[in-house]
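# fold the following, please.
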Amino acid sequence: MRDAIVIIPTYNEIENIEAIIRAVFSKEKSFDILVVDDNSPDLTGLKVKALQDEFKDRLFLVSRQEKTGLGSAYIAGFKWCLEKHYEYIFEMDADFSHNPKDLTKLYNACATDGADMSIGSRYINNNINVVNWDMKRLLLSYFASKYVRFITRMRIHDTTAGFVCYKRHVLEAIDLDRIKFVGYAFQIEMKFKAYLQKFKIVEVPVIFTDRTKGKSKMSGSIISEAIFGVIHMKLKSVLNT
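Reported below is the predicted structural model:
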């Protein structure tokens, strides 16, 4: 068994799923893949099952009965990967917004350079490495990360990033059953929990490219969860509740 696995949550990603799986498996560094599919009406899960015949013992699938949010999908994936004893566990989107070529950079930051958690960062070193976003969405994401950094005092530039590598002991130290957020704020909460436990977190510069196929899952309720949830999360940490 390989030491690293990439979790890819899916809901209606039939246009991207085969291509992203083949792209990950084409890398020189070997990664396994776990797809967590939320009963996609476009039959993404069935496509993954068909590909499992070709990629035996490398491609795995967790099929859930309904769409209950990005956070809960990742929690299910984390628990599965911990049970299988993977040492390095990744988060990555299915839509090629995260370049599979960068997986090795995130892996090396943890496996070679000693980080406990590495983040594929769009906003490090005063650069904005985002392609194909309109200005409104870009500014919203950029200033959301600034806002989270200000409220939480985390020394992380891209606090909302969803391209992440965890060493297993980080996930073991976080009480996954107590993670509250399911949408945009899930990524913030996971970083904040790791930060509070003083794990070594590093940011690796990457270029984020907006999807060209399929539909974005971003919504107003997800954004409001992040804006108001961060204050609640910070207060809870201060009060130790």
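
# which element, helix or strand, includes residue 60?
Residue 60 belongs to strand 59-63 when assigned by DSSP states H and E.

# who are the packing partners of that strand?
strand 32-37, helix 44-52, helix 70-83 (3 or more Cβ pairs under 8 Å, 6 or more residues apart in numbering; DSSP states H and E). In this view, the C-beta of every residue, glycine as well, is placed from N, C-alpha and C.

# which of the residues in stretch 16-34 are buried?
16, 17, 20, 21, 24, 25, 31, 32, 33, 34 (16 or more other Cβ atoms under 10 Å).

# I'd assumed residue 63 was in contact with the last one.
No. At 11.5 Å, residue 34 and residue 63 do not qualify as touching, with contact defined as Cβ atoms under 8 Å.

# look up the closest residue to residue 182, ignoring the ones flanking it.
residue 69 (3.0 Å; Cβ to Cβ, 6 or more residues apart in numbering).

# which residues does that neighbour contact?
For residue 69, the contact set (Cβ atoms under 8 Å, 6 or more residues apart in numbering) comprises 182, 183, 186.

# gap between it and residue 239?
26 Å (Cβ to Cβ, to the nearest Å).

# returning to that earlier point: among the helices and strands packed on strand 59-63, which is the most enclosed?
Mean neighbour count, computed with mean count of other Cβ atoms under 10 Å, is highest for strand 32-37 among the helices and strands packed on strand 59-63, reaching a mean of 24.

# show residues contacting stretch 57-64.
1-2, 21, 25, 32-39, 45, 48-49, 51-52, 73, 76-77, 80.

# strands of the protein, residue ranges please.
4-10, 32-37, 59-63, 88-91, 117-121, 130-131, 164-167, 201-205, 208-209 (DSSP state E).

# show me what the fifth one is packed against.
Contacts defined by 3+ Cβ pairs under 8 Å, 6+ apart place strand 117-121 against helix 103-111, strand 164-167, helix 185-196, strand 201-205.

# how far away from the center of its chain is the shortest one?
For strand 164-167, the distance from its own C-alpha centre to the chain's C-alpha centre is 9 Å (Cα atoms, centre = their mean, to the nearest Å).

# check which helices and strands that strand sits against.
strand 88-91, helix 103-111, strand 117-121, helix 185-196.

# switch to 7 Å and redo it
Here strand 164-167 touches strand 88-91, helix 103-111, strand 117-121, going by 3 or more Cβ pairs under 7 Å, 6 or more residues apart in numbering; DSSP states H and E.
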